[in-house]
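Participant: What would the 3D arrangement of this be:
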Amino acid sequence: MMGKTGDFTPDPGSEAHGSGKGRDRLGWGRLVIALDALLAKRNVTSAAKDLGIQTPALSRLLGQLRDELGDPLFVRSGRGLVPTPFVEALRPKIRAIAVDIDALFDPGTELPPSEMPFDPRWNVPTDIPTPPLRVRPADPLDAIGPGAINPGDTPSGRLARHIGVLGIGGGGHGRPLTVEEAEDAMAIILAGEADPVQIGALLGMMRMRGSTAPEIAGFVRAMRAHVAGRLGQPIEADVDWPCFTSPNYHNPPWFFHAAILVARAGRRVLLHGSTGAGRASGRHEVVASALGIPVCKTTEDIPSALAGSRIAYVPLAALAPQIYQLVGLYRLMQTRSAVMEAVHLLKPAGGTITLLGVAKPSYRDLHRDAARILGWKSMAVLGSVRDVAQFTPFRPTTIHRLVDGEADDLVLPALMREPPATPRPRGTNLDYWEGVWTGAIRDARAERIIVSTAAFALFSIPGGKGMSFDEAMRQAEALWKTRRDV
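Facilitator: The predicted structure follows:
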């Protein structure tokens with residue numbers, strides 16, 4: 001839409017042009033659109049073509065942006081323009097402003113739901129009270145002598161030795177932790193016995209070296225023992241569906257719709273996760289409640305929710321506040337830690353199958369190898385999506401599985417052509433998302449994602465005679481068509 005305006009370079013002679021020369025609000029609007037295009041294309045020529053202007057004109061706008069914002073914004077690499085951390089942090093705000101501008105001047109603009117600006121109705125902070133991360137500051141002058149770990153060591157002493165194992169000092173002979181060492185380290189942290197400096201050192205060094213499957217498995221063992229202690233009793237589900245997504249995750253959570261279809265097929269489904277620890281930390285709670293999925297705000301609520309509805313969502317903040325706060329350390333480090341990988345394997349209610357979405361190839365193997373170390377027999381990892389299992393039927397998909405404890409990859413071709421985007425009526429994201437479920441809104445693309453995601457879950461559940469993916473699709477389709485009859 002904005003490309004029809006042509007070369008919209010501000011008048012160099014304007015008093016308001018440039019940093020420190022006044023407030024050119026009209027110019028700022030133009031710069032926002034230019035920056036949105038540059039972030040999307042990461043190439044000046046491609047972005048200029050998208051806007052319908054000449055490349056030199058956009059280059060001048062980029063110069064003005066750098067002047068106004070006081071940051072290089074992009075650096076050149078062999079793969080195009082790479083956004084600086086400063087402009088990367090602005091990306092969600094820039095995208096939302098640009099979409100709003102388009103919607104204002106062109107109400108009929110067809111936007112797929114994944115490009116809708118965030119709805120403040122489902123981007124709210126969680127109302128679950130969570131205590132701060134429990135730690136035990138140690139005296140840094142306390143001497144911790146050399147030697148093997150023994151039961152008489154203090155927790156901080158044991159953790160210090162685990163950190164030392166990772167170190168590159170002493171001749172550069174550092175090594176990854178064993179399963180047992182990683183389990184002990186995480187158990188100390190979860191018990192609140194770690195010095196905060198030690199937590200940062202451990203996670204930082206693991207990040208720099210790259211986490212291994214034994215380390216993740218050890219973390220998971222300690223985390224599952226911690227959660228089991230809070231639950232107080234074993235809980236069983238058929239489908240374990242972790243959904244730990246970033247607050248900047250832009251795709252609509254159609255997998256919640258799919259999870260209900262799986263529950264209506266007679267399977268017990270436990271969704272558990274979080275959307276960070278910030279202003280959008282309550283998003284999944286709002287989403288689940290909107291569909292009538294019980295939200296368990298205490299661990300005592302889980303058994304009755306599964307017994308009554310065969311489906312429940314439990315926020316990590318309620319399940320394990322200490323783990324929730326560890327994940328929340330991302331806000332201080334701005335980088336993923338091994339905790340954020342291990343939490344996907346938490347599996348609080350057992351579950352015949354665990355469904356994951358992992359986009360990064362190395363992480364797919366990391367999760368599956370860790371699951372094998374833990375003795376898991378079944379697992380299904382979608383290799384084309386990030387952080388949550390939501391199937392995309394419009395492109396080839398590889399399902400990285402554990403079948404009877406052995407690695408097995410299944411490659412599925414694209415199941416169908418992608419339908420065109422449905423014109424979005426005026427309303428909010430949450431209204432649209434709910435309307436697809438109720439039938440008030442018909443969105444063929446969203447419906448295909450929901451049905452195929454349910455089929456993926458049903459197909460992945462082991463036991464019985466099993467079914468083909470086509471059979472699972474037919475069952476999911478029937479469940480979708482009769483969803484409002486219940």
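Participant: Now for Asp127: which residues touch it?
Facilitator: Shown in contact with Asp127 (Cβ atoms under 8 Å, 6 or more residues apart in numbering): 282, 285. Just so you know, the C-beta spots here come from the backbone N, C-alpha and C atoms, and that holds for glycine as well.
Participant: Per-residue pLDDT of it, please?
Facilitator: As predicted, Asp127 sits at a pLDDT of 85.
Participant: Can you check my assumption that Ile407 lies in a helix?
Facilitator: You called it Ile, but residue 407 is Ala. No: checked against DSSP: H, G, I helix; E, B strand; the rest coil, Ala407 lies outside a helix; its state is strand.
Participant: how near is the residue lying closest to it once chain neighbours are set aside to Arg336?
Facilitator: In this structure, Ala407 finds its nearest non-sequential neighbour in Arg368, 6.2 Å apart by Cβ to Cβ, 6 or more residues apart in numbering. Between Arg368 and Arg336 the computed distance is 18 Å (Cβ to Cβ, to the nearest Å).
Participant: Same drill for those two, tell me which one is more crowded.
Facilitator: Legend: neighbour count by other Cβ atoms under 10 Å for Arg368 and Arg336, higher for Arg368 (23 against 16).
Participant: any idea which element the more buried one lies in?
Facilitator: Per DSSP states H and E: Arg368 is located in helix 361-373.
Participant: chain center to whatever helix or strand comes next after that helix, what's the gap?
Facilitator: Counting by DSSP H and E, the next helix or strand C-terminal to helix 361-373 is strand 379-382. Here the centre of strand 379-382 is set off from its chain's centre by 15 Å, with Cα atoms, centre = their mean, to the nearest Å.
Participant: Stretch 231-251 too?
Facilitator: With Cα atoms, centre = their mean, you get 11 Å for stretch 231-251.
Participant: in it, what counts as buried?
Facilitator: For stretch 231-251, burial by neighbour count (16 or more other Cβ atoms under 10 Å) applies to 231, 235, 237-245, 247, 249, 251.
Participant: State the mean pLDDT of that stretch.
Facilitator: 87.
Participant: How far does it stretch from one end to the other?
Facilitator: Stretch 231-251 has its terminal residues 32 Å apart, counting by Cα to Cα, to the nearest Å.
Participant: I'd guessed Val32 sits against Ala98; true?
Facilitator: Yes: counting by Cβ atoms under 8 Å, Val32 does reach Ala98; the two are 6.3 Å apart.
Participant: Comparing those two, which shows the higher neighbour count?
Facilitator: Higher neighbour count among Val32 and Ala98: Ala98, with 23 against 19, using other Cβ under 10 Å.
Participant: ok, the more buried one to Ala47 distance?
Facilitator: Distance, Ala98 to Ala47, by Cβ to Cβ: 12 Å.
Participant: same thing with Val239?
Facilitator: Taking Cβ to Cβ, one finds Val239 at 43 Å from Ala47.
Participant: and Gly282, what does it touch?
Facilitator: 124-127, 275, 315.
Participant: scratch that, Cys296
Facilitator: Cys296 makes contacts with 302, 305, 312-315, 318, as judged by Cβ under 8 Å, 6+ apart.
Participant: Check Gly308 too.
Facilitator: Counting by Cβ under 8 Å, 6+ apart, Gly308 touches Pro294.
Participant: State the distance from Val262 to Arg42.
Facilitator: 38 Å.
Participant: Same drill for those two, tell me which one is more crowded.
Facilitator: Remark: of Val262 and Arg42, Val262 carries more neighbours, 28 against 16, as counted by other Cβ under 10 Å.
Participant: Let me know whether that one touches Ala237 as I believe.
Facilitator: No: counting by Cβ under 8 Å, Ala237 is not a contact partner of Val262; they are 10.8 Å apart.
Participant: what touches both of those two?
Facilitator: Here Val262 and Ala237 share the contacting residues Val269, scored by Cβ under 8 Å, 6+ apart.
Participant: What pLDDT does the model give the nearest residue to Ala290 once chain neighbours are set aside?
Facilitator: Sequence neighbours aside, Glu434 is the residue nearest to Ala290 in space, at 5.6 Å (criterion: Cβ to Cβ, 6+ apart). In this prediction, Glu434 carries a pLDDT score of 88.
Participant: show me what contacts Glu434?
Facilitator: Listed by Cβ under 8 Å, 6+ apart, the contact set of Glu434 reads 290-291, 440.
Participant: where does Gly13 land on pLDDT?
Facilitator: pLDDT, Gly13: 39.
Participant: Now the element after the one helix or strand Glu215 maps to, going C-ward?
Facilitator: Applying DSSP H and E as the criterion places Glu215 in helix 213-231. Sequence order places strand 239-244 as the next helix or strand after helix 213-231, per DSSP H and E.
Participant: Sounds good, over and out.
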